[in-house]
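*Asks:* coordinates only, sequence not included:
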């Protein structure tokens, strides 16, 4: 974890934790943080293209209120941005589309935006994303691709591409994304960042544009584990506006990061998760396992069928959501989502029901693994960031479509709503890649503790590009 | 599961008609490609045999 005493809170390297400490102690003012953030965004955007909306006036007003002592909280003065499927009061909720710009402006912020601001944070903008979140690349025909700050000729990953790009570029220390099949974890891996996909239902999705209700999760992307925990803790809590939001009491994770990994049984996912990717994906898992002293291998049974079932449910639910727009405005869709949505609308209903029946079966069997392990390690992506515009890639010697396969290792996990932290490995002279740290439902704290340990050991890190 | 190759073009045309989804000629080839891709990706699920008493996970609490 970063030392809050050492970072310049106005620099791009400052974490949310460091900025909050500086503002709370009066070392700096929120207005100065916002000014520095807006300058960095203006300087970076021509190359990165992470933002679709910059809320300079709103952010400056909020900062002035903070400096006047009107707001308090553990995230005081922390600038953050959100994937543009989160409602932002006064703006239409794009969800990466052109069509939604014709819709009404949101009348209030999404639930998680309100929670972060209630904790003292400052929203500075809306972020680029793959259209309607049906994406693993971060590309978008309407707004251009989010570019990977580690190499701007490459994909940021998606669909929370702007979230990954903005944090990796040091434009903001923290961004929110959504993850249906991997859309927080894929950009975290490709951009070399920490990302948290919480347990399904753990954080409210109210005030966000849906994709697939069965799998939609929201969560943070950041450059430190402490920032994930800080923001996650601020966002926990029941919300009657999201029917799947849990009524379990909040379980603060930040105070537990110092506990380390003592007492945690850590295993490595074998079989499906040990093949079908490039060597760097498995080397990353081996590096992390070695640092953690993990040697035991476990098998998530029928993971390939789980990935297939996640694909089927996604295709059919997503298509049904967009069917009215597909009938009336097909020309206004991103060509890279349009025909996939159309195809999903034509798949048999029996597939959907079978996928949902299999989901219960798979959940029962996978949860048994957590009787013998608290944490399971797996690759986050099968490869490092592909080139922008690349449509095919070789995985394990087989030529496969990029779009359908960047989430090979994330889909079987979100399919049953398990919490996951992605820990990024920076590789000198090469692109970063992430490892999934998977826990049983509601055990985010264990996954965060493992990531914090790796960060402290220098195995995982997420410096700005 | 049968190994007989389906006529995906016809399936797309007829299913689209049945649900009232017009598919312009310029989109048709890609829709067919994506249905074919879905048939391939879904196969591991379709090959699984499940107990009849297994209920869907649509009401889902992890």
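*Replies:* Nice, thanks for sending it over. These figures come from a predicted structure and were not determined experimentally.
*Asks:* residue A:430: which element?
*Replies:* Using DSSP states H and E, residue A:430 falls within no helix or strand.
*Asks:* from residue A:199, how far off is it?
*Replies:* The gap separating residue A:430 from residue A:199 is 33 Å, by Cβ to Cβ, to the nearest Å. C-beta: built from backbone N, CA, C; applies to glycine.
*Asks:* higher neighbour count, the two?
*Replies:* More neighbours surround residue A:199 than the other of residue A:430 and residue A:199, with 21 against 11 (other Cβ atoms under 10 Å in any protein chain shown).
*Asks:* what values do phi and psi take at the more buried one?
*Replies:* Phi and psi for residue A:199, reported as degrees, to the nearest 10, are phi -60, psi 140.
*Asks:* separation between it and chain B?
*Replies:* Distance, residue A:199 to chain B, by Cβ to the nearest Cβ, to the nearest Å: 6 Å.
*Asks:* surely that residue meets residue A:444?
*Replies:* Yes: Residue A:199 lies in contact with residue A:444 (Cβ atoms under 8 Å); the separation is 6.7 Å.
*Asks:* contact partners of the helix or strand that contains residue B:31?
*Replies:* In the assignment (DSSP H and E), residue B:31 maps to helix B:25-46. Applying Cβ atoms under 8 Å, 6 or more residues apart in numbering or on different chains, the set of residues contacting helix B:25-46 from outside is A:302, A:304-305, A:307-309, A:311-312, A:315, A:330, A:335, A:338-340, A:342-344, A:346-347, A:351, A:354-355, A:358, A:401, A:404, B:1, B:6, B:8-9, B:11-13, B:16, B:23.
*Asks:* looking at these, which are in helices?
*Replies:* A:304-305, A:307-309, A:311-312, A:315, A:335, A:338-340, A:342-344, A:351, A:354-355, A:358, A:404, B:8-9, B:11-13, B:16 (DSSP state H).
*Asks:* are any of those residues buried, and if so which?
*Replies:* A:304-305, A:307-309, A:311-312, A:315, A:338-340, A:342-344, A:351, A:354-355, A:358, A:404, B:8, B:11-13, B:16 (16 or more other Cβ atoms under 10 Å in any protein chain shown).
*Asks:* tell me the pLDDT of residue 13.
*Replies:* You didn't pick a chain, so chain A it is. Confidence at residue A:13, expressed as pLDDT, is 97.
*Asks:* the intended chain is chain B.
*Replies:* The model's pLDDT for residue B:13 equals 98.
*Asks:* mind listing what it touches?
*Replies:* B:23, B:28.
*Asks:* that one and residue A:351: what is the separation?
*Replies:* For residue B:13, the distance to residue A:351 - Cβ to Cβ - is 19 Å.
*Asks:* so the worst-scoring helix or strand of chain A on mean pLDDT, near chain B or not?
*Replies:* Sorting the helices and strands of chain A by mean pLDDT, DSSP states H and E puts helix A:402-405 at the bottom, at a mean of 90. Yes: under the criterion of Cβ under 8 Å from any Cβ of the partner chain, chain B is reached by helix A:402-405 at residue A:404.
*Asks:* output the contacting helices and strands for that helix.
*Replies:* strand A:392-395 (3 or more Cβ pairs under 8 Å, 6 or more residues apart in numbering or on different chains; DSSP states H and E).
*Asks:* ok, now with 10 Å
*Replies:* Here helix A:402-405 touches helix A:335-345, strand A:392-395, helix B:25-46, going by 3 or more Cβ pairs under 10 Å, 6 or more residues apart in numbering or on different chains; DSSP states H and E.
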